[in-house]
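[1] Sharing a model prediction with you, sequence too.
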Amino acid sequence: MNENIFYIDAKTKVVDFLTTEFGGEFPIKLQNRLMNFLPSMINYEEEGRKYKPTIFFTNNIDFVLKQITNSVKIELYKDTSESEFVSRIKALVPFCSLDWCIYVDEKINEEKTEVRYGIFRTISSIKDAQTEEILFKAPSLQERNNKTFGIFVSAENNWTITMKSIKSREMNINFSFDIKTVNNWEGEIKEFVDASFAKLRTTKKKMLDIKNMYKNVFKNVLRSVNGTLCVIVDADYKKNDGFFDDGTWLPEPINLSKLFLQTNNYNEQKLLTMTNLFIAMLNYDGITLVNNQGEIIAYNVFVEANLRIAGNIIGGARKRAAYTIINSKRKNIVGVYFQSHEGEMFYAPVKQ
């Protein structure tokens, strides 16, 4: 017996999303090319290098970017049809590794089609809200009677593509058979960031800057690091308790927040350099340790996975280590951020 199984329901939902968000004006030919391209986004590869592309579809890129302070746009192609869509996207994807977003701006006037392709990004501090977050909060774009439309399409992990509208609608397309692979990244990372600075005392404005910085760092980690384990410990935690001894402990903790807490004239390049160092530590095998005053205290740390404590966990050594820590019931360990090489992620407090 021959049986065919299709993801036709997913296609129907995507078409409905595009139709609703573009007021029924999303071009049908562009829609078909996007639908054929979507499955390749989750494991996109060019010349042996993997990318997590972000593509922004709109009907008015210039108006959209007016809502972003210090944005820059580079237009690279202008066509009279959608036939070159795949080749244009393939040519632009490598820029996504440098935090650029691809845009596709299509207008149809009096049966004349004009499709523009390019890249854009914000020129901002790592402590500021980034492009997508700014656009999703812009009141002038969220109005339903606004004639400007826009949808971000991004590969979040090896199973999930997220579609976000500038009018505040979001949809996750899951290519896995396991519903758990659809991550609530925003919710998980907020809990992790809040826990990371629970004992830091500063002004409300500076705290917002610090948390934005941490969130931006881990957004980069999600898209560029093939798996990581970051553990928050209490500010009073001391080495040599026999649990996290196997690793590289910093003689002097790195305090990212101090780089711009003590003065209004902080050094942006120094801050960026140190956050890149933090990302490099997170990319090492083992665990990166931070405390709840926002200090980096160790990296390349290993614990012996205890299958009895970890429980019946399906996954590799990193996941078993994560659950060994989560279920350890150690009072001076706060929580665990886990990210697999496939892109699964979660934050979990340590059980007491």
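    Received the coordinates, thanks. Note that this is a predicted model, so its numbers are computed, not measured.

[2] what about stretch 148-164, distance to the chain center?
    11 Å (C-alpha atoms, centre = their mean, to the nearest Å).

[3] What mean pLDDT does it get?
    Averaging pLDDT along stretch 148-164 yields 86.

[4] Any idea how far apart the tips of it sit?
    Distance between the two ends of stretch 148-164: 15 Å, counting by C-alpha to C-alpha, to the nearest Å.

[5] Flag every buried residue along the one helix or strand residue 299 maps to.
    Assigned by DSSP states H and E, residue 299 belongs to strand 295-302. In terms of neighbour count (16 or more other C-beta atoms under 10 Å), strand 295-302 has its buried residues at 295-299, 301. C-beta here means a position set from N, CA and C on the backbone, and glycine is covered the same way.

[6] Same check on stretch 341-348?
    Under 16+ other C-beta under 10 Å, the buried positions of stretch 341-348 are 342-348.

[7] Mind checking which of those residues are in helices?
    Judged by DSSP state H, these include no members of helices.

[8] Show me the helices in the stretch 251-352 of the chain, by range?
    Along the stretch 251-352 of the chain, counting by DSSP state H, counting those that start in this stretch, helices occupy 258-261, 268-282, 307-310, 317-326.

[9] how deep is residue 117 tucked in, by neighbour count?
    By other C-beta atoms under 10 Å, the residues close to residue 117 number 22.

[10] ok, what's across the strand from it?
    Bridge pairing for residue 117 (DSSP bridges) gives the partners residue 77, residue 104.

[11] Distance of it relative to residue 30?
    Using C-beta to C-beta, to the nearest Å, residue 117 is found at 11 Å from residue 30.

[12] joint contacts of the two?
    Listed as contacting both residue 117 and residue 30 by C-beta atoms under 8 Å, 6 or more residues apart in numbering are residue 104.

[13] Looking at the helices of the stretch 251-352 of the chain, which is nearest to residue 184?
    helix 317-326 (17.3 Å; C-beta to C-beta).

[14] Which strands or helices does the closest one pack on?
    strand 228-233, helix 307-310, strand 333-339, strand 345-349 (3 or more C-beta pairs under 8 Å, 6 or more residues apart in numbering; DSSP states H and E).

[15] mean pLDDT lowest for which of these?
    helix 307-310 (a mean of 58).

[16] State the distance from residue 273 to residue 196.
    Distance, residue 273 to residue 196, by C-beta to C-beta: 20 Å.

[17] For these two, indicate the residue with more neighbours.
    Using other C-beta under 10 Å as the criterion, residue 273 and residue 196 rank with residue 196 on top: 26 against 12.

[18] what sits against the more buried one?
    214, 232, 290, 292, 294.

[19] Farthest-apart pair in the buried residues of strand 295-302, please.
    Spanning the widest gap among the buried residues of strand 295-302 are 295 and 301, at 14.7 Å by C-beta to C-beta.

[20] Under a three-state scheme, what state does residue 34 occupy?
    At residue 34 the chain is in helix, as set by DSSP: H, G, I helix; E, B strand; the rest coil.
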